[in-house]
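S.K.: Sequence first, then the predicted structure:
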Amino acid sequence: MAMSKIIEVKDFFYHYSDGTEALKNINLAVEEAQRVVLIGPNGAGKSTLLLAMAGFINGKGTVLIDGIKVTKKNIKRIRTLIGSCLDNPEDQLFMPTIFDDVSFGPLNMGLNGEEVRKRVEETLKRVGLNGMAEKAPHHLSAGQKRSAAIATILSMAPKIITFDEPDNSLDPRSRDNLLALLKNLSQTLVIATCSMDFAGAIADRAVLLDRGQIIADGKAEDIMSNNELMKAHGLEVPGRFM
């Protein structure tokens, strides 16, 4: 049975303010519940594509999230469907306590106090921060900050979550904990990463970008085990695919 397309990017182009072409003729469809990694060298356009999906930037072409066109008019609805975990989790943790950060989204969705407290409690337990609601975010370790940032997204129950370099600055134990968390999420995941071992451990599907274009798109193992293809674009084959 065919899965529904929850993300569609059609004929999409994006230029930076200086005229540099960051994305060129991107055509991409992501099915519901897929775990997709965007791989490629630095400057390939991975982060820019994530920003376009969530409506943080506007280019030429069409982006649909769950069938809804990403436009200024629809952006409030779009942001309930897709949550974005940024490269630096500290950019998402700006309140005095973890509780305040994780409750921020649900409160702005208009949920009542009891439902908000329930969501915060359940979400913190899910990401391994149970009992830490009153801690200040700046007292957390790098791995805990990443988990707290993910909690701020999960508390809003989006259908899609995007991640930009989620394992950046994590030690091996924190990275393993993050992988376990992501594998247990039911949402559609789109993950931009330069870490091929991380990508190989999480993905169903890989999309290889370079110089703003999609070079290859398919089953993660097929693409990431192709030594010639990976080497041509400055990437290494993950250990598990050697």
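M.R.: Cool, got the structure. Numbering: from 1, shown residues only.

S.K.: Identify the residues contacting the residue nearest to residue 129 when sequence neighbours are not counted.
M.R.: Computed as CB to CB, 6 or more residues apart in numbering, the closest residue to residue 129 that is not its neighbour in sequence is residue 147, at 5.6 Å. In this view, the C-beta of every residue, glycine as well, is placed from N, C-alpha and C. If a contact means CB atoms under 8 Å, 6 or more residues apart in numbering, then residue 147 has 127-129, 177-178, 181 as its contacts.

S.K.: Buried by neighbour count, from the residues you listed: which ones?
M.R.: Buried subset of those (neighbour count, 16 or more other CB atoms under 10 Å): 127, 129, 177-178, 181.

S.K.: and these, which two are the farthest apart?
M.R.: Across the buried ones among the contacts of residue 147, the two members that end up farthest from each other (CB to CB) are 129 and 178, 12.8 Å apart.

S.K.: What pLDDT does the model give the residue sitting furthest away from the middle of the chain?
M.R.: Most distant residue from the mean C-alpha position of the chain: residue 114, 28.5 Å away (CA atoms, centre = their mean). On pLDDT, residue 114 comes in at 96.

S.K.: Could you grab the helix/strand/coil label for it?
M.R.: The local conformation at residue 114, judged by DSSP: H, G, I helix; E, B strand; the rest coil, is helix.

S.K.: circling back: and which of the buried ones among the contacts of residue 147 is nearest to residue 16?
M.R.: Taking the buried ones among the contacts of residue 147 together and measuring to residue 16 by CB to CB, the closest member is residue 178, at 30.4 Å.

S.K.: Distance of the closest residue to residue 195 other than its chain neighbours relative to residue 196?
M.R.: Counting by CB to CB, 6+ apart, the nearest residue to residue 195 once its immediate chain neighbours are dropped is residue 167, at 5.4 Å. Plainly put, residue 167 is 11 Å away from residue 196 if you go by CB to CB, to the nearest Å.

S.K.: Those two: which has the busier surroundings?
M.R.: Each of residue 167 and residue 196 has its neighbours counted (other CB atoms under 10 Å); residue 167 has more, 25 against 20.

S.K.: And what about that one, helix, strand or coil?
M.R.: Going by three-state DSSP: residue 167 is coil.

S.K.: So it sits against residue 192, correct?
M.R.: No. Contact criterion CB atoms under 8 Å: residue 167 and residue 192 do not qualify, at 11.2 Å.

S.K.: Any regions of the protein where pLDDT drops low?
M.R.: Applying pLDDT under 70 to the chain picks out residues 1-3.

S.K.: and with 50 instead?
M.R.: Low-confidence segments of the chain (pLDDT under 50): 1.

S.K.: residues touching the closest residue to residue 238 other than its chain neighbours, list them.
M.R.: Sequence neighbours aside, residue 200 is the residue nearest to residue 238 in space, at 3.2 Å (criterion: CB to CB, 6+ apart). By CB under 8 Å, 6+ apart, the contact set of residue 200 is 220-221, 224, 238-241.
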